[in-house]
Structure formats: structure tokens, C-alpha cells
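*Asks:* What would the 3D arrangement of this be:
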Amino acid sequence: MAEPEIAVIGITATSSPLADAEQVEVETPYGRPSAPISIGDIDGTAVAFLPRRGVEGEIPPPQIPSRANVWALKELGVRRIVAPIVCGALHLEYELGDIVVCDQFVDRTWGREDTYYTGPGTVLVASAQPFCDDLGTLLVHTARELGTPVHNGGTTVVVQGPRFSTTAESEFFRAMAWDTVNMVSYPESHLARELELCYANLSLVTDHDVGIAGAGGVTSQTIDRVLEESHDRLLELLRAVIPAIGPQPDDECANALARARL
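*Replies:* Next comes the predicted model:
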């Protein structure tokens, strides 16, 4: 089977865009990934797929082995990652089932293993533009061609979890003019940048955060329902965009370490 240069880090095991795949186990210096990695083909393009929270969704967000996940994909030859996630919307103009291709994050997590460079020496990887612009632009363009509701750009705030926001927290996030909230984009996206991989955020709105949802707040049942309803549309987008993804360009992602060492 061809070496995959493209990977999808999926929301669940059932969100794989691969119809037929071979599973491989990969050992890393950081332990095992969340699950065996599936390698298959979409219209002649070799693709790796990894469910970030395990086969059964058994791994809570703070315990996701993100270092092992991203390292394992690079070991397989991956250079470009599309990362669907679920998110809560902080604006009413984002409707349930909409896609947001975020271009910024705010990290409010703590205690996560979020770097490969733990010394000796210091490696400071720039994060001004934390997601791959080339991949993000392609995702937005493809979604619009398919008629999928999509928002180009936005800031996601990454919270520690595994709990939903309080009303006060949610109202604070809105006051800061952030757009979505999720529990998994950090450190996954930054680890990809440390390994000089392209990484695109693909956020599926599954709820309105409690600050705008009202007294009922957010429930897992609502998230599951929207995720199920959006399943086919998300797979359609992934299967359409993957064959259009070109080789990694000579961009900021590919050259992240050039000026990072002190």
C-alpha cells in the first residue's frame, strides 16, 4: 500500500472516510496512539485515519495521547492533517450542523503534554498562524462547492474538559469575541506544527454554548443527535477534499523549526 501523506484525525471511529482499510499498529517514544491507524485509498490518494478518542470514544479529552497520535502519523509518512472536531458555537449565527474552519485558537487547558521539545535546550515554535492556511482555504472552497454551510475563519477557545462551560465562562468567552469552544484542538494542532506538518481545523457545530443556549444548557444528547445528522455530510466533504489536497508546500508549516531553536 502507498505511503499516506494525508491523514484524518477523526471525531469517532465511525467518522472514517475510508470504505476499505488496513489497520496498522505503530509504537512511538510517547506510547501507543489512541487506536490502530487505518490506511486506505480515496480516489487514488492514500489516506491514514485515526480516531483521536479511541475506537469506542473511551478516552476523555485531557487524556488523549496527542504526542503519540501525531508522532505515529508522521512515522507513517503523513505531511498534511485534516482534523474534524465537534464544537460549541458562541454566536447564534452559527447554526447546528454548520462547519467552521477556524484559523486561531486560545488555549485554556492545563497539564497536557503539549511539546516534543522538553530539553536540553529550548525550541520555540511560532504559533501566530496556528492552522494551515492552504488546507483551510481548500476546505472552505470544497464545502461551498458542495453546498455545505461553512464559515471561513474564526477563533476557537480550547477548554480543559471533560465538562461543559459554566454560564459565566461561556459569557466571558463571548465577551472576548471568540467564536467556538472545544476540548481537543490543543495540543494536537501545535504538536503537528512542532513536527512541521500541515494541520487544518474542521469544526462541526453540535450545540450552542450555555451562554447563549439558555437555561437548558448543553447536553450530550444534543451533540450526539447533531453529529449523527451531520455524519453523511461530513464524510462527503472529507471524500471530496482529500483527492484535491496537493503535496505539502514550502510554507510556514513545513519550515516551523527553521528559527525555533535558542
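*Asks:* okay, now the nearest residue to G10 once chain neighbours are set aside: neighbour count?
*Replies:* Counting by Cβ to Cβ, 6 or more residues apart in numbering, P51 is the residue found nearest to G10 once chain neighbours are left out, at 4.9 Å. To be clear about C-beta, it is placed using only N, CA and C from the backbone, and glycine gets the same treatment. If you count neighbours by other Cβ atoms under 10 Å, P51 ends up with 25.
*Asks:* quick one, phi/psi of P51?
*Replies:* The phi and psi values for P51, taken as degrees, to the nearest 10, are phi -80, psi 120.
*Asks:* Which pLDDT value goes with it?
*Replies:* As predicted, P51 sits at a pLDDT of 98.
*Asks:* swap in Y186?
*Replies:* 98.
*Asks:* Secondary structure class of it, three-state.
*Replies:* Secondary structure, DSSP: H, G, I helix; E, B strand; the rest coil: Y186 is helix.
*Asks:* Surely the residue nearest to G10 is in contact with V8?
*Replies:* No: using Cβ atoms under 8 Å, P51 is not in contact with V8; the gap is 9.4 Å.
*Asks:* Next, show the common contact partners of those two.
*Replies:* Taking Cβ atoms under 8 Å, 6 or more residues apart in numbering as the contact criterion, the residues that touch both P51 and V8 are S16.
*Asks:* What distance do you get for A21 to S165?
*Replies:* 36 Å (Cβ to Cβ, to the nearest Å).
*Asks:* so I85 bridges to which residues?
*Replies:* Using DSSP bridges, the bridge partners assigned to I85 are S203.
*Asks:* Next: R108.
*Replies:* V159.
*Asks:* What residues does it make contact with?
*Replies:* V157, V158, V159, Q160.
*Asks:* Quick one: neighbours of the first one, just the number.
*Replies:* When you say that, I think you mean V157. With other Cβ under 10 Å as criterion, V157 counts 26.
*Asks:* That one and F172 touch, don't they?
*Replies:* No: under the criterion of Cβ under 8 Å, V157 makes no contact with F172, lying 9.4 Å away.
*Asks:* so how many other residues sit close to A19?
*Replies:* Neighbour count of A19, defined by other Cβ under 10 Å: 10.
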